[in-house]
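Chemist: Fold the following, please.
(2 chains)
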Amino acid sequence: DIQMTQSPSTLSASIGDRVTITCRASQSISSWLAWYQQKPGKAPNLLIYKASTLESGVPSRFSGSGSGTEFTLTISSLQPDDFATYYCQQYNSFSPWTFGQGTKVEIK
Amino acid sequence: QITLKESGPTLVKPTQTLTLTCTFSGFSLTTRGVGVGWIRQPPGKALEWLALIYWDDDKRYSPSLKNRLTISKDTSKNQVVLTMTNMDPVDTATYYCAHRTTAGAMDVWGQGTTVTVSS
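Modeler: Reported below is the predicted structural model:
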């Protein structure tokens, strides 16, 4: 199995901060990586796919980068609506899919 | 507009088999590249991918649960069914189904259904 490791597990930040979340894969997944945002009691919402492609309707303050084994999700200027938990997920078609353990973004 | 909705029992007893149905609209599971996946989330814990079925009936399972899971589709009814055998209290979770795009990620999710395993 491909293991996905996110860091940090929790992040405290203020409105307007630039926030970066890292996701590492245990082996190369090329660019087959997605990022999701989840708020309490709700289903996850797709933000980024193919490592860096912004899903339609997602604010441009969200961006993704990386390939191979190391990926980042960046929020350029944190907004009140962005306090949530973020998950990375690899979807390499030759392997079972896996999620990271999540990063909770809290208000500082 | 793509929508998905999960249905099934809210309470199952240990050792029983869970059967969940995902009923969808707005897409066809005969379209090349499309799939429907199942994901679960125990209370307060992370997402866990369970299974995926593709338009061509190819199926993928989580290795840790493979022996307990079966995924199938009924394209005439626009439904995907997931069965999980030998349920245990640790399987208590919210279960989601989601649409897999031709680009690979899951862009639309159902609202989820909560399943409790208890005697």
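
Chemist: where's the residue nearest the centre of chain A relative to chain B, distance?
Modeler: With distances taken as CA atoms, centre = their mean, the residue of chain A nearest its centroid is residue A:35 (3.7 Å). Computed with CB to the nearest CB, to the nearest Å, the distance linking residue A:35 and chain B is 9 Å. (C-beta placed from N, C-alpha, C; glycine too.)

Chemist: For that residue, which non-adjacent residue is closest in space?
Modeler: Counting by CB to CB, 6 or more residues apart in numbering or on different chains, residue A:35 lies nearest to residue A:48, which is 4.2 Å off, once chain neighbours are set aside.

Chemist: Just give me the neighbour total for the one you found.
Modeler: By other CB atoms under 10 Å in any protein chain shown, the residues close to residue A:48 number 25.

Chemist: Quick check: next helix or strand after the helix or strand it falls within?
Modeler: Residue A:48 is part of strand A:45-49 when elements are defined by DSSP states H and E. Remark: after strand A:45-49, the chain's next helix or strand is strand A:53-54, criterion DSSP H and E.

Chemist: For the helix or strand following that following strand, which strands pair with it and how are they oriented?
Modeler: With elements assigned by DSSP H and E, the helix or strand that comes after strand A:53-54 is strand A:62-67. Taking DSSP bridges as the criterion, strand A:62-67 sits next to strand A:70-75 (antiparallel) in its sheet.

Chemist: re the thing from before, right, and the residue nearest to the centre of chain A touches residue A:88 too?
Modeler: Yes - counting by CB atoms under 8 Å, residue A:35 does reach residue A:88; the two are 5.6 Å apart.

Chemist: Common neighbours of these two, please.
Modeler: Common contact partners of residue A:35 and residue A:88 (CB atoms under 8 Å, 6 or more residues apart in numbering or on different chains): A:23, A:73.

Chemist: Against the centre of chain A, work out the most remote residue.
Modeler: Most distant from the centre of chain A: residue A:94, at 21.4 Å, with distances by CA atoms, centre = their mean.

Chemist: Name the surrounding residues that touch stretch B:39-50.
Modeler: The contact list for stretch B:39-50 (CB under 8 Å, 6+ apart) reads A:36, A:38, A:44, A:87, A:89, A:96-102, B:37-38, B:61-62, B:65, B:69, B:82, B:84, B:90-98, B:106, B:109, B:112.

Chemist: Same check on stretch A:63-72?
Modeler: Stretch A:63-72 has contacts (CB under 8 Å, 6+ apart) with A:20-31, A:33, A:35, A:47-48, A:51-54, A:73-74, A:76, A:88.

Chemist: Going through the contacts of stretch B:39-50, which ones are buried?
Modeler: Among the contacts of stretch B:39-50, those scoring as buried are A:36, A:38, A:44, A:87, A:89, A:96-102, B:37-38, B:61-62, B:65, B:69, B:82, B:84, B:91-98, B:106, B:109, B:112 (criterion: 16 or more other CB atoms under 10 Å in any protein chain shown).

Chemist: Run through the bridge partners of residue B:49.
Modeler: residue B:39.

Chemist: how far away is it from residue A:96?
Modeler: In this structure, residue B:49 lies at 7 Å from residue A:96, with CB to CB, to the nearest Å as the measure.

Chemist: tell me the contacts of residue 95?
Modeler: Defaulting to chain A. Remark: with contacts taken as CB under 8 Å, 6+ apart, residue A:95 is in contact with A:1, A:2, A:29.

Chemist: switch to chain B, that's the one I care about
Modeler: B:6, B:8, B:20, B:38, B:39, B:40, B:50, B:82, B:112, B:113, B:114, B:115.

Chemist: No further queries at this time; thank you.
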